[in-house]
Structure formats: structure tokens, C-alpha cells
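Novice: just to be clear, the model below is a prediction. Sequence and coordinates:
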Amino acid sequence: MGDVLAEVDGKSVYRSPLSHISKYLLGPENTTAKVTFIRAGKLVEVSIVRAPVASLLCVRRISDAAKAAGTDQPATPLQPRTNQQSVM
């Protein structure tokens, strides 16, 4: 099992629906959110800086590319798909 999101800015989001979690994760650009998650039974806390996201599909493609490459970052940036490109 992977990481489990536990808190955002001190508010519990454990086992919450995405619509609830997004209320805490989304916010003004360049503001910080403190995110706590559970990894291998231990709490891990990180701070993230909010920035615009082109689309959730783009985020998913970047995440998948990073996993395939075995890194945290893909080798090249991915662009949102157009009507001419096929869906994954």
C-alpha cells in the first residue's frame, strides 16, 4: 500500500473524499500548505507551495512518467492533450 494522506494544515483528511481534501489543498498561488501523510506506519510531514496546474490529466501523466522512469521528475515536461491526441 502506498502513502495515505492524513492532514492538510493540521486538519484531518484521513479517508476523506477528494472533494473534501481539495478544499484544503487548493489555495492562492505561492502560499504554503503543510501536508502530513502516513508512510510505512509513520507520519511524514512536508510543506508544499501551491502553483497552477494545467489539468488533473496532465498531473496524472507526469506522475505516471516519473514512475516509469524510476524518478520523482519526468525527463521532459508533458503537455495537456489536444483533441487530436489519443487518450491514455
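Specialist: Now that the structure is in, tell me what you want to look at.

Novice: could you use CA atoms for every contact and neighbour count after this?
Specialist: Will do.

Novice: pretty sure Phe37 sits against Ala6.
Specialist: Yes. Phe37 is in contact with Ala6 according to C-alpha atoms under 8 Å; the separation is 4.8 Å.

Novice: identify the bridge partners of the residue nearest to Asp3 when sequence neighbours are not counted.
Specialist: Leaving aside its sequence neighbours, Asp3 sits nearest to Arg39 (C-alpha to C-alpha, 6 or more residues apart in numbering; 4.9 Å). Bridge pairing for Arg39 (DSSP bridges) gives the partners Lys42.

Novice: and Ala33, by the same measure?
Specialist: On the basis of DSSP bridges, Ala33 takes part in beta bridges with Ile48.

Novice: pLDDT wise, what is it at?
Specialist: Ala33 carries a pLDDT score of 93 in this model.

Novice: ditto for Thr36
Specialist: The per-residue pLDDT reported for Thr36 equals 95.

Novice: what's in contact with the host helix or strand of it?
Specialist: Thr36 belongs to strand 32-39 when elements are defined using DSSP states H and E. Residues outside strand 32-39 that contact it (C-alpha atoms under 8 Å, 6 or more residues apart in numbering) are 2-10, 25, 43-50.

Novice: what do you get if the cut-off is 10 Å, keeping everything else the same?
Specialist: The contact list for strand 32-39 (C-alpha atoms under 10 Å, 6 or more residues apart in numbering) reads 1-14, 24-27, 43-51.

Novice: just stretch 6-21 next, same as before
Specialist: Taking C-alpha under 10 Å, 6+ apart as the criterion, the residues outside stretch 6-21 that touch it are 4-5, 22-25, 32-38, 43-47.

Novice: any of those buried? List them.
Specialist: The neighbour-count test (16 or more other C-alpha atoms under 10 Å) marks Val4, Leu5, Tyr24, Leu25, Ala33, Lys34, Val35, Thr36, Phe37, Ile38 as buried among the contacts of stretch 6-21.

Novice: any idea how far Ala40 is from the fifth one?
Specialist: The reference is to Ala33. Counting by C-alpha to C-alpha, to the nearest Å, the gap between Ala33 and Ala40 amounts to 22 Å.

Novice: just Lys23 next, same as before
Specialist: Relative to Ala40, and taking C-alpha to C-alpha, Lys23 is found at 26 Å.
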